[in-house]
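[1] Kindly return the folded structure for what I paste below:
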Amino acid sequence: MPVSVKLVRSASPQRAEALVDGAPVWIEADADLELSMDAIVAAFLIPSLRHGSPLALDGLLSEQLRSHLPFIAEVVRDWWGWSGGLPIEPPNTPAPAGGLLAPRLRCSALLFSGGVDSFFSLLRGPLAPDALVFVDGFDIPLDDVARRDQAFREVRCVAEAAGLPTMRVATNLRSHPLFASASWEQTHGGALAAIGHALCNQISHLIISSTPSFREIAMRWGSHIRLDTLWSSEHLGVLHVGATHRRPEKLMAIADEPLVREHLRVCWEHRRPGFNCGICEKCLRTQLLLLEQDQLRHFRTFDLSTAALVDAVHALPLVSNEVTLTLSYRSLDRTRLPRAVADAVAHLIDRSGAEHERRRHANRFGRRLRRRIAQLFSGPR
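    Model (predicted):
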């Protein structure tokens, strides 16, 4: 069953709206917006492929993005086994154009959360951005007004120090029923690209900071070197930068920067008040890496004592991502950590490794069981 997509005329150039499957999705900004079909498809293509329901559009896609959709669908089928129809455009869709369709570089904007990846792109990336874009409603929920206002103030301080303007964007995309039906780990790359397309009257290129490096290219992540650039159009070039470095390497490369020490924000779970909660897995991972290099004491945005850090590591059930477990925990030089912290990390590694092994065993058993059931039902009757 196709999912209907209808753009809604907004009274304000700083608000763009659409109805997707009858539910509203909107983007607001402190700059003029254009919610094109490119933005909608970037946001909703992966959820629609998950459900096998094509998007029925009431407008046309750009030539270049349309030509990229089969390649995006191929990656999604390869990674997650989803198959579904590509977006359906009105019957007067023109034939594909030939020639170069790449946009000219007018203004590049870096999506900036204040985390390790975006700081690395700003300070060590191959392209110096012309502006920073902060999005409300992605890693900080819209109803957490105080925290997102504080996060934006920090971003604006960084931008002012770097001599750059900021653009602040807010969206309800993550709460949209269709979008929320797929995991954020699978959909966030398209969501980031959608923000760029909505800002294409202001910018020509959007910079997305990598999460996995080239050495973890097998990671099936929504923002990925195989996917991000495919969201480009003749109006917006989407750039994926930073994959030359793993995240621990990025952190060490920028740890002595005053801006990073003053404004780094890695937290998205917000388990306790504060800019960084300090006790979620991502906060703990970052603090341990900094502590190993004797850098943690310089960072204003972390405030746990050694004893509190030990308690938080003991309280963490496990590191759920095996790549993170290897790169950020097993690779720590525990001789450079306080003894109590090193012991807590060793216990965390042991219980995380045991759980991952249990899951692998369960998955192997499940696959064997499914094969056996399939053989029984496919045999002679």
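[2] Which helix runs longest in the chain?
    If each helix of the chain is counted by residues according to DSSP state H, the longest one is helix 339-378.
[3] by contact count, what packs against that one?
    Contact analysis of helix 339-378 by 3 or more Cβ pairs under 8 Å, 6 or more residues apart in numbering; DSSP states H and E lists helix 281-292, helix 306-315 as its packing neighbours. All C-beta atoms are positioned from the backbone trio N, CA, C, and that covers glycine.
[4] Check which residues of the shortest one are buried.
    Just to be clear, that refers to helix 306-315. Of the residues in helix 306-315, those buried by neighbour count under the rule 16 or more other Cβ atoms under 10 Å are 309-310, 312-313.
[5] Out of the helices and strands packed on helix 339-378, which gets nearest to residue 167?
    helix 281-292 (25.3 Å; Cβ to Cβ).
[6] now the angle between helix 306-315 and that closest one, please.
    Taking axes from the mean of the first three to the mean of the last three Cα atoms, to 10 degrees, helix 281-292 and helix 306-315 form an angle of 130 degrees between their directions.
[7] Centre of the chain to helix 281-292, how far?
    20 Å (Cα atoms, centre = their mean, to the nearest Å).
[8] possible to save the helices and strands packed on helix 339-378 as TSV with distance to residue 260 and mean pLDDT?
    Written out in TSV, the entries for those read as follows (distance: least, Cβ to Cβ, whole Å; pLDDT from 0 to 100):
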stretch	distance to residue 260	mean pLDDT
helix 281-292	10	97
helix 306-315	20	97
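[9] how about the ones you listed in JSON lines, adding distance to residue 364?
    What follows is these, written out as JSON lines (distance: least, Cβ to Cβ, whole Å):
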{"stretch": "helix 281-292", "distance to residue 364": "26"}
{"stretch": "helix 306-315", "distance to residue 364": "30"}
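[10] Around the closest residue to residue 346 other than its chain neighbours, count how many other residues there are.
    The spatial neighbour of residue 346 that comes closest, neighbours along the chain excluded (Cβ to Cβ, 6 or more residues apart in numbering), is residue 334 at 6.8 Å. Neighbour count of residue 334, defined by other Cβ atoms under 10 Å: 17.
[11] Strands of the stretch 51-200 of the chain, residue ranges please.
    With DSSP state E, counting those that start in this stretch as the criterion, the stretch 51-200 of the chain has strands at 55-57, 108-111, 131-136, 166-171.
[12] Of all these, which one is nearest residue 372?
    Relative to residue 372, the nearest member of the strands of the stretch 51-200 of the chain by Cβ to Cβ is strand 55-57, separated by 39.0 Å.
[13] related to what we said a few turns ago, tell me which residues touch the residue nearest to residue 346, please.
    Applying Cβ atoms under 8 Å, 6 or more residues apart in numbering to residue 334 gives the contacts 342, 345-346.
[14] Show me which of these are buried.
    With neighbours counted by 16+ other Cβ under 10 Å, the contacts of residue 334 contain buried members at 342, 345.
[15] any chance of the contacts of residue 334 in CSV, plus pLDDT and distance to residue 61?
    Below are these laid out as CSV (pLDDT from 0 to 100; distance: Cβ to Cβ, whole Å):
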residue, pLDDT, distance to residue 61
342, 98, 54
345, 98, 49
346, 97, 53
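[16] what's the closest of the contacts of residue 334 to residue 122?
    Residue 122 lies nearest to residue 345 out of the contacts of residue 334, by Cβ to Cβ, at 30.0 Å.
[17] can I assume the closest one is in contact with residue 287?
    No. If you go by Cβ atoms under 8 Å, residue 345 and residue 287 don't touch, sitting 11.1 Å apart.
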